[in-house]
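S.K.: Attaching a predicted model along with its sequence, questions to come.
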Amino acid sequence: MHVPTVIMPTATPREHPLRAVVFDLDGVLVDSFAVMREAFSVAYAEVVGPGPAPFEEYEQHLGRYFPDIMRIMDLPLAMEGPFVRESYRLAGRVTMFDGIPDMLADLRRRGLRMSVATGKSGPRARSLLDNLGVLDLFDHVIGSDEVARPKPAPDIVRRALDLMGVRAEEAVMVGDAVTDLASARAAGVTSIAALWGECDAQRLLAAGPDLAAGSPDELITILTATVAV
């Protein structure tokens, strides 16, 4: 179901030109949920045993680093090995959402700097984006294993800003999870909820993003009009 652009009441006019966009990866740029489900199910079966894998609960914590999710769910950290193995094996099934390649190219043409700040490890995120042919569009791709504190802490967003040489007030963060919004807010960056994937839109909007968009085209509208470049 299409979700129209939502301009949240917390949004305020920008006092500084927009210079950079920080993106989450899964559910924002790439449609990886089917692969996640399969990898999670295989890892659960190998490490925990037979029975239904609690993927619905896992989805509630997306945006966080996999080991952190395992601790929250009281599942064995040993699941990480087979989960990562299967994620690499199935990576060829991951696709970008419709409109994402054109959106990225458009933003790059406009001179915006772009980075990815993901719950994945850095090597796995870079490998995936390289396979999809868009790695070179990003200034930096940062994984949760490459910062001291992963989302919802602000470290990964601040790291992206530091590497791009921009201030918090000159950037936005686009994410599809409550942890993304929390990380952006803690870093002092305008948060934009991406509602076109498999996110829980009501839960995401209830978390109070500054802005929200129902499609990549609507995100471009926000970035080039509502949040003027």
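M.R.: Arrived safely, thanks for sending. Numbers count the residues shown, from 1 in each chain.

S.K.: Just give the nearest non-adjacent residue to the residue nearest the centre of the chain, would you?
M.R.: In the chain, the residue lying closest to the centroid (CA atoms, centre = their mean) is residue 24, at 1.9 Å. The shortest distance from residue 24 to any non-neighbouring residue, by CB to CB, 6 or more residues apart in numbering, is to residue 175 (4.0 Å). Bear in mind the C-beta positions are built from the backbone N, C-alpha and C, glycine included.

S.K.: Need phi/psi at the residue lying farthest from the centre of the chain.
M.R.: Of all residues in the chain, residue 50 has its C-alpha farthest from the mean position, at 30.8 Å, by CA atoms, centre = their mean. When quoted as degrees, to the nearest 10, the phi and psi of residue 50 stand at phi -70, psi 160.

S.K.: Could you pull out the helices in the protein for me?
M.R.: 33-47, 55-59, 66-73, 80-89, 100-109, 122-131, 155-164, 178-187, 201-206, 216-221 (DSSP state H).

S.K.: which helices and strands does the fourth one pack with?
M.R.: Here helix 80-89 touches helix 33-47, helix 66-73, helix 122-131, going by 3 or more CB pairs under 8 Å, 6 or more residues apart in numbering; DSSP states H and E.

S.K.: Mind listing residues that contact the second one?
M.R.: Right, helix 66-73. Outside helix 66-73, the residues that touch it by CB atoms under 8 Å, 6 or more residues apart in numbering are 54, 57-58, 61, 64, 75-77, 79-80, 83-84, 119-120, 144, 150.

S.K.: swap the cut-off to 10 Å and go again
M.R.: 40, 43, 47, 54, 57-65, 75-80, 83-84, 87, 119-121, 124, 144-145, 149-152, 179 (CB atoms under 10 Å, 6 or more residues apart in numbering).

S.K.: Now which of these would you call buried?
M.R.: Buried members of the contacts of helix 66-73, scored by 16 or more other CB atoms under 10 Å, are 40, 43, 47, 58-59, 61-65, 75, 79-80, 83-84, 87, 119-121, 124, 144-145, 150-152, 179.

S.K.: Number of residues surrounding residue 220?
M.R.: Residue 220: 17 surrounding residues under other CB atoms under 10 Å.

S.K.: quick one, domains of the protein?
M.R.: What automatic domain parsing lists as the domains of the chain is 6-31+94-226, 33-93.

S.K.: For the last one, measure first residue to last.
M.R.: Looking back up the chat, that one is domain 33-93. 10 Å (CA to CA, to the nearest Å).

S.K.: and the nearest residue to residue 99 once chain neighbours are set aside, what pLDDT?
M.R.: Closest residue in space to residue 99, ignoring its immediate chain neighbours: residue 216 at 3.6 Å, by CB to CB, 6+ apart. pLDDT, residue 216: 95.

S.K.: Would you mind measuring from residue 216 to residue 116?
M.R.: 15 Å (CB to CB, to the nearest Å).

S.K.: Settle it for me: which of these two has more neighbours?
M.R.: Taking neighbours as other CB under 10 Å, residue 216 and residue 116 compare with residue 116 leading, 28 against 23.

S.K.: Please name the spatially closest residue to residue 79 (chain neighbours excluded).
M.R.: residue 43 (4.3 Å).

S.K.: Help me confirm that the one you found comes into contact with residue 49.
M.R.: No: contact between residue 43 and residue 49 fails when scored by CB atoms under 10 Å: they sit 11.6 Å apart.

S.K.: Residue 19: which of the helices of the chain is closest?
M.R.: helix 155-164 (7.9 Å; CB to CB).

S.K.: That concludes my questions; thank you for your assistance.
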